[in-house]
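>>> Pasting a predicted model and its sequence here:
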Amino acid sequence: MSTEEQIRPAGRHILSRFDGDLGRLRRIVLDMGSRVIEQVELASEALSECDVAKARKVIHAHREIRDLDIDALQANAALYALHQPVASDLRYVLTLTRAVYDLERVEGEAVRLADMAEGLYEFQPTLRECAILEDVRRMAHVTTVLLRRAMGALAEEDVRASVDVALEGSEIEQQFKGALRRLATYLMEDPRNIRWVIETTLGVKAMERVGDHACSIARNIIYSVTGRDVRHASLASLQQAG
């Protein structure tokens, strides 16, 4: 398969100029998604390990993500100004635009984790305290897998995969509640753990929000392909959409 075929969504054969401009926006969004996932993974490691070097890599890479955000905004404006897309094309452009918004928010959560890691570095946590922070990495693994699947569904305009991602949002919530229960036991065992419990709670909450954004991307894909707005729909409605 050629690079052009990989870039162009299946079934889009309108104007070559429009296809090219849409493909550019799509490339930017997918590239942004790949980099943001890397940011979340690195930031969760930075916080779990109190690794200031990894934290600074995340903060430094923030500029590159910001530049992609600007590029996406410019590509999106060009599509509206030059082509005035309608119907399914308009829905797809909107979906890409909303994905940029979600990814920008996800990247913000990664930077927040990196800032927290920098702040904790001076305390040099013990192995016990690092074990408390490990819940951030657990949550990050689950949510980044979900986000990666959402981006794959966006690349393929895959409704079935999007429904699966959206339905798994409830599992993210259960993971979050389980982490809170574990953190409560650390606090009951030793009140001196309070700093680490608070920081870990903030970290797992940030990862829960990453999962929410992955589900948001998935729901928008369903809208793009089917024309049904399921952003606030029930789980039963999502299953019917698939």
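On my side now, so go ahead. It should be emphasised that the depicted structure is a prediction, and the values quoted were computed from it without experimental measurement. Numbering: from 1, shown residues only.
>>> what are the ranges of the helices in this structure?
Using DSSP state H, the helices of the chain run over 3-7, 16-49, 52-83, 87-121, 127-156, 159-167, 169-189, 194-226, 235-241.
>>> For Glu122, what are phi and psi?
phi -70, psi -20 (degrees, to the nearest 10).
>>> Next, the contact list for Glu168, please.
Leu146, Cys215 (CB atoms under 8 Å, 6 or more residues apart in numbering). For the C-beta atoms, the positions are set from N, CA and C on the backbone; glycine is no exception.
>>> And the one 3 residues further on, by the same measure?
Neighbouring residues of Glu171 by CB under 8 Å, 6+ apart: Val142.
>>> From Glu208, how far out is it?
Distance, Glu171 to Glu208, by CB to CB, to the nearest Å: 11 Å.
>>> same question, Ser34
Counting by CB to CB - Ser34 and Glu208 are separated by 22 Å.
>>> More neighbours: which of those two?
Comparing Ser34 with Glu208 by other CB atoms under 10 Å, the one with more neighbours is Glu208, at 20 against 13.
>>> The more buried one and Asp21: what is the separation?
36 Å.
>>> now Arg128
55 Å.
>>> okay, those two: which has more neighbours?
More crowded of Arg128 and Asp21, by other CB under 10 Å: Asp21, with 19 against 12.
>>> residues contacting the closest residue to the more buried one other than its chain neighbours?
Once flanking residues are discounted, Asp21 sits nearest to Leu79: 5.5 Å by CB to CB, 6 or more residues apart in numbering. By CB under 8 Å, 6+ apart, Leu79 lies in contact with Phe18, Asp21, Leu22, Leu25, Pro85, Val93.
>>> residue contacts, the first one?
The reference is to Phe18. Neighbour list for Phe18: Leu79, Leu82, His83, Pro85, Asp89 [criterion: CB under 8 Å, 6+ apart].
>>> okay but the second one is in contact with Asp21, surely?
Right, Leu82. Yes: Leu82 is within contact range of Asp21, at 6.8 Å (criterion: CB atoms under 8 Å).
>>> Now Leu25: closest residue in space, sequence neighbours ignored.
According to CB to CB, 6+ apart, the nearest residue to Leu25 is Ala75 (4.1 Å).
>>> picking up where we left off before, identify the contacts common to Leu82 and Asp21.
Listed as contacting both Leu82 and Asp21 by CB under 8 Å, 6+ apart is no residue at all.
>>> export the helices of the chain to TSV and tack on mean pLDDT?
As requested, the helices of the chain are exported to TSV (pLDDT from 0 to 100):
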stretch	mean pLDDT
helix 3-7	41
helix 16-49	94
helix 52-83	93
helix 87-121	94
helix 127-156	93
helix 159-167	94
helix 169-189	91
helix 194-226	95
helix 235-241	63
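>>> Excluding covalently adjacent residues, which one is nearest to Leu120?
Nearest residue to Leu120, sequence neighbours excluded (CB to CB, 6+ apart): Cys50, at 5.0 Å.
>>> tell me the pLDDT at the one you found?
We have a pLDDT of 88 for Cys50.
>>> need the contact list for it.
Ala117, Leu120, Tyr121, Phe123, Gln124, Pro125, Cys130, Leu133.
>>> No more questions from me, cheers.
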